[in-house]
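Colleague: Next comes the sequence, and after it the predicted model I'd like to discuss.
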Amino acid sequence: MITTFVNRFKGMSRDLALFLVVSFGVGLAGSLVESTFNNFVNESYTLTGFQRSFLEIPRELPGFLVMFLAALLWFLGSRKMGVVALLLYAVGVFLLGTISTTFAVMVIFLFIYSVGMHLFLPVQTTIGMELAAEGRTGRRLGQLNSVRNLAMIIGSGLVFLGFKYLHFKFIHTFIIAGVVLVAAAFLLLRLKPQVEKPQKSFLKLRREYSLFYLLAVLFGSRKQIFITFAPWVIVTIFHKPTQTIATLMTIGGVIGILFQPILGRTIDKFGERAVLMVEALVFVVVCLGYGFSGNLFSENTAFIIICICYLLDQVLISVGMARSTYIKKIALQPSDIQPALSASLTIDHFFSIGVALLGGVIWSAFGYQYVFLAGTIIAVLNFFFAARIRIPTNGDKFPEIPIEIPTANN
């Protein structure tokens, strides 16, 4: 298996090989940070459930701003914009782990790290689709996600071994992550410049993409429940240590290595509509498991169910690639793709910030179960709107859907 992978890697184009290594580095760094962040803030600042959800404002606000940041940097093109993003990511992570002496200082560095991370998200998808052959976009994104999952396994494994046996402190994981991100930025700089001219109208929202934007609203709301409240249940309700999240991320990464290419091929074969509808149904089950297993089963059984739900949700997040291939298929012109992805990320995070705050209020007032009950409602809405996806053929008009999206003038 390893020999086959090495041979395939050698046979790749130079740009694809470089970008696979970049993707691996970004996945490794993200795993090092994400698998320790909740325990880092919990042990360093002893936050309540509402304070933890409030922390999502500086963490998620850059996601809301990404469309405007991308508009400011449109002249760089996707490759150089990605380099800038990775350097910001690296600086923020390094400072977050080394000199976050107070909560206020930590919030500033968290914001910088988040700016870089969120700015890179649409860029990595755009480059990945640019490096895909016609009709195999889903497969290419699946392969890249599989590489990131492999990196996540290694990163989570390093966290587990480091904290359990090597006397790691949080500063060690953050420094390693920062160094890896700088190396990834250097490699990304070596990619050939994009052929397509950068889009100059980043702030333009097209009515033809209305359903794509609406799916971003629902994804942002659903995603935030997993990112913020799912690990917080494990850390605060079940009182598990740092190694638990790292272990779950490792297991999820192993599953992802096998699942991501299959998911990509499934999108190419069956289409975005079917894949997103199935995702919504599975997320209903995940939310119910998170919210009510503790009321229905013993603590040990409930924790096992929570872990299964965590792994399922970790896999489901990857279905977001179906939204990316959807916008590529309905784009009026290729240069619309990255602006549309950036706009969807801004819309996604506008609602995810609101969900984080509202979820914190619900958690404090009624209990964590009701946060996940709200997630179930979001999943049901996602199912019905995903069912409205139609891929137009040449000459077809885009389907009308009953929402209005304001269109900026050129």
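Modeller: Looks like it arrived, so ask away. On a predicted model such as this, the values are computed, not experimentally measured, just so you know.
Colleague: Only C-alpha atoms from now on, for both contacts and neighbour counts.
Modeller: Will do.
Colleague: in the helix or strand containing residue 160, what counts as buried?
Modeller: In this structure, residue 160 is located in helix 137-165 according to DSSP states H and E. By 16 or more other Cα atoms under 10 Å, the buried positions in helix 137-165 come out as 137-160, 162-163.
Colleague: Stretch 88-106 now?
Modeller: 88, 89, 90, 91, 92, 93, 94, 95, 96, 97, 100, 106.
Colleague: State the distance spanning the first to the last residue of that stretch.
Modeller: 15 Å (Cα to Cα, to the nearest Å).
Colleague: pLDDT (mean, whole number) over it?
Modeller: Per-residue pLDDT values over stretch 88-106 give a mean of 87.
Colleague: Restricted to helices, list the buried residues of stretch 88-106.
Modeller: Among the buried residues of stretch 88-106, DSSP state H puts 88, 89, 90, 91, 92, 93, 94, 95, 96, 97, 106 in helices.
Colleague: I'd like to know which elements the helix holding residue 160 is packed against.
Modeller: Where contact means 3 or more Cα pairs under 8 Å, 6 or more residues apart in numbering; DSSP states H and E, helix 137-165 is packed against helix 14-45, helix 103-130, helix 242-270, helix 320-330.
Colleague: Of these, which is nearest residue 63?
Modeller: helix 103-130 (5.3 Å; Cα to Cα).
Colleague: give me the low-pLDDT residue ranges for the stretch 101-250 of the chain?
Modeller: Applying pLDDT under 70 to the stretch 101-250 of the chain flags the ranges 134-135, 193-204, 242.
Colleague: Please, where are all the strands along the stretch 251-400 of the chain?
Modeller: Taking DSSP state E, counting those that start in this stretch to define them, one finds no strands in the stretch 251-400 of the chain.
Colleague: what about it, any weak spots by pLDDT?
Modeller: 393-400.
Colleague: Show me the helices in it, by range?
Modeller: For the stretch 251-400 of the chain, the helices defined by DSSP state H, counting those that start in this stretch cover 272-296, 299-316, 320-330, 337-366, 368-386.
Colleague: Please identify the buried residues of the longest one?
Modeller: Buried residues in helix 337-366, counted by 16+ other Cα under 10 Å: 337-363.
Colleague: Counting by contacts, list what that helix packs against.
Modeller: helix 49-54, helix 56-72, helix 103-130, helix 210-224, helix 320-330, helix 368-386.
Colleague: now it against helix 320-330, angle please.
Modeller: 140 degrees (axes from the mean of the first three to the mean of the last three Cα atoms, to 10 degrees).
Colleague: tell me the angle of helix 337-366 relative to helix 368-386?
Modeller: 150 degrees.
Colleague: Use 331 as the first number from now on
Modeller: OK, 331 is where the count begins now, so the last one is helix 667-696.
Colleague: In this structure residue 515 contacts residue 412, no?
Modeller: Yes. Residue 515 is in contact with residue 412 according to Cα atoms under 8 Å; the separation is 7.5 Å.
Colleague: Could you look up the SS state of residue 377?
Modeller: coil (DSSP: H, G, I helix; E, B strand; the rest coil).
Colleague: What is the burial count for it?
Modeller: The tally of other residues near residue 377 (other Cα atoms under 10 Å) stands at 14.
Colleague: Residue 342 too?
Modeller: By other Cα under 10 Å, neighbour count at residue 342 equals 11.
Colleague: for the residue nearest to residue 608 when sequence neighbours are not counted, what are its contacts?
Modeller: Nearest in space to residue 608, with sequence neighbours left out and distances taken as Cα to Cα, 6 or more residues apart in numbering, is residue 713 at 7.8 Å. Counting by Cα atoms under 8 Å, 6 or more residues apart in numbering, residue 713 touches 606, 607, 608, 610, 611.
Colleague: which of those residues tops the neighbour count?
Modeller: residue 606 (26 neighbours).
Colleague: where's that residue relative to residue 448, distance?
Modeller: Relative to residue 448, and taking Cα to Cα, residue 606 is found at 23 Å.
Colleague: distance of the most centrally placed residue in the chain from residue 589?
Modeller: Central residue of the chain (Cα atoms, centre = their mean): residue 647, 6.9 Å from the mean position. Here the distance between residue 647 and residue 589 works out to 12 Å (Cα to Cα).
Colleague: Pretty sure residue 498 sits against residue 488.
Modeller: No. Residue 498 lies out of contact with residue 488 (Cα under 8 Å); the separation is 9.7 Å.
Colleague: Who are the contact partners of residue 496?
Modeller: If you count contacts by Cα under 8 Å, 6+ apart, then residue 496 has nothing around it.
Colleague: Quick check on it: phi, psi?
Modeller: phi -110, psi 10 (degrees, to the nearest 10).
Colleague: Count the neighbours of the residue lying closest to residue 556 once chain neighbours are set aside for me.
Modeller: Leaving aside its sequence neighbours, residue 556 sits nearest to residue 643 (Cα to Cα, 6+ apart; 7.1 Å). Residue 643: 21 surrounding residues under other Cα under 10 Å.
Colleague: dump the residue contacts of residue 643.
Modeller: 556, 613, 616.
Colleague: I'd like the distance between the second one and residue 409.
Modeller: When you say that, I think you mean residue 613. 34 Å.
Colleague: do the same with the first one
Modeller: To residue 409, residue 556 is 30 Å away according to Cα to Cα.
Colleague: ditto for the last one
Modeller: Relative to residue 409, residue 616 is positioned 37 Å away (criterion: Cα to Cα).
Colleague: what's around residue 344, how many residues?
Modeller: Residues near residue 344, counting by other Cα under 10 Å: 14.
Colleague: Per-residue pLDDT of it, please?
Modeller: pLDDT, residue 344: 83.
Colleague: What's the local residue count around the closest residue to residue 492 other than its chain neighbours?
Modeller: Beyond its immediate neighbours in the sequence, the residue positioned closest to residue 492 (Cα to Cα, 6+ apart) is residue 498, lying 5.0 Å away. Using other Cα under 10 Å, residue 498 is surrounded by 15 other residues.
Colleague: mind checking the SS state of residue 498?
Modeller: coil.
Colleague: May I have the phi/psi pair for it?
Modeller: phi -60, psi 150.
Colleague: ok, now how distant is it from residue 428?
Modeller: Here residue 498 is placed at a distance of 14 Å from residue 428 (Cα to Cα).
Colleague: Can you list the buried residues in stretch 636-652?
Modeller: Result for stretch 636-652 [16+ other Cα under 10 Å]: buried residues 636-646, 648-652.
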